[in-house]
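>>> Give me coordinates for this.
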Amino acid sequence: MRCILNFETIENLLTHCNVNKRAYSSHRKGVEGYNVLDSWDETINAINNGWAEGVDKVSKLIKSLSLEVSSGVHKEELIPAVAGIFFDIGLVCSGEPECWFAPQISEDVTSEGQKIVRLGLNATVSARFTAESMIERGAAVLVLASLLEQAGRSVAITQYCAVSKDTHSFLGSVVLKVAGQSLDIDSLAFWIACPDSFRRCWLRAMEVLPIANLLGCNDNRYGFPILDYGINKSDVYIKGNSDAQKWTRSNSIEWIYSTLHNQGVVSKKN
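I've put the predicted structure just below:
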């Protein structure tokens with residue numbers, strides 16, 4: 001059995017979680033190295049009031065970088081069409097219907113002309129992936145989003161969660177930021193960088209499902225991570241993690257530089 005839930009807002013996800021059904025790992029006392037918040041109540045407080053540790057981590061990571069970014073220039077391309085601003089006499093004489101040339105912006109852009117970058121973060125990780133690595137990885141995602149927007153891009157952010165057990169699976173997503181919306185680091189720090197966004201909120205989302213027991217929630221196992229769910233909907237994608245491999249500061253810096261380069265943002269180490 002497969003259950004798919006796509007939440008358009010954080011509020012919709014929290015409403016789904018706020019169901020009178022038995023809680024397991026989502027509400028237990030925090031475990032060092034696994035959680036950073038001690039309870040469900042602390043988690044809700046961080047959602048409502050921001051997560052200061054995450055904001056501080058982002059600030060320190062930005063200061064550790066030495067780069068320059070430049071805004072991308074969106075050029076109009078002339079493409080063959082059945083109507084346009086001018087025509088090719090040779091094509092007219094040959095009877096070609098698409099004898100006109102019309103301007104078109106080849107990239108997906110906002111109404112203000114900004115290129116949209118769809119950033120997908122698969123928050124699903126194994127219990128062996130440390131809280132420290134989750135925080136560092138999330139900080140890198142937020143720094144990248146900030147730098148892309150400084151370079152004139154408009155970043156849309158979606159968080160994914162996907163697990164499977166035997167023939168059963170859960171596929172979830174929540175929109176954290178839409179293109180054109182301001183990048184609110186204070187609000188996003190919890191969802192993107194705090195381990196408890198997955199280890200409490202998404203686990204709670206699974207605990208209230210009709211297939212919760214089939215996924216192993218009653219045994220505090222929650223299935224196995226599906227690492228690439230959401231990749232086909234993302235321009236920049238951070239896959240899930242199923243092992244104990246650490247994400248370090250050097251991983252963050254390398255990934256940020258590489259992704260900026262791949263996105264066509266001029267970047268240079270000083």
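
>>> what pLDDT does N220 get?
Looking at N220, its pLDDT stands at 83.

>>> That one reaches H27, doesn't it?
No - counting by Cβ atoms under 8 Å, H27 is not a contact partner of N220; they are 11.4 Å apart. Placement of C-beta: from N, CA and C, glycine included.

>>> With neighbour numbers in mind, choose between the two.
In this view N220 and H27 are compared by other Cβ atoms under 10 Å, and H27 has more residues nearby, 15 against 12.

>>> now that one: how far from N12?
From H27 over to N12 the distance is 20 Å, taken as Cβ to Cβ, to the nearest Å.

>>> now R204
Per Cβ to Cβ, R204 is found 14 Å from N12.

>>> burial count for L188?
By the criterion of other Cβ under 10 Å, L188 has 26 neighbours.

>>> In what element of secondary structure is K63 found?
With elements taken from DSSP states H and E, the one containing K63 is helix 52-64.

>>> all strands of the stretch 151-270 of the chain, in order?
Defined through DSSP state E, counting those that start in this stretch, the strands belonging to the stretch 151-270 of the chain, from first to last, are 154-165, 168-177, 224-225, 236-238.

>>> And for stretch 217-230, what's in contact with it?
When contacts are defined by Cβ atoms under 8 Å, 6 or more residues apart in numbering, stretch 217-230 is touched by residues 24-25, 120, 122, 124-126, 158, 160-165, 168-171, 173, 203, 206-207, 209, 212, 215-216, 237, 239-242.

>>> which parts of the longest helix seen in the chain are buried?
Of all the segments of type helix in the chain, defined by DSSP state H, the longest one is helix 131-150. Of all the residues in helix 131-150, those buried under the rule 16 or more other Cβ atoms under 10 Å are 131, 133-149.

>>> now do stretch 254-270
255-257, 259-260, 263, 265, 267.

>>> Among these, which ones are in helices?
Using DSSP H, 255-257, 259-260 are the members of these that sit in helices.

>>> what's the closest of those residues to R153?
Distance to R153 across these (Cβ to Cβ) is lowest for L260, with 10.1 Å.

>>> So the closest one sits against S146, correct?
No - at 11.3 Å, L260 and S146 do not qualify as touching, with contact defined as Cβ under 8 Å.

>>> before we move on, the earlier item: and the strands of the stretch 151-270 of the chain, which is most packed in?
Relative to the other members of the strands of the stretch 151-270 of the chain, strand 154-165 carries the highest mean neighbour count by mean count of other Cβ atoms under 10 Å, namely a mean of 23.

>>> mean confidence for that one?
For strand 154-165, the mean confidence score works out to 97.

>>> Next: stretch 62-80.
Stretch 62-80 comes out at a mean pLDDT of 60.

>>> On the pLDDT front, check K21 for me.
Predicted confidence (pLDDT) for K21: 88.

>>> did I read that right, it in a strand?
No - secondary structure of K21, determined by DSSP: H, G, I helix; E, B strand; the rest coil: coil, with no strand assignment.
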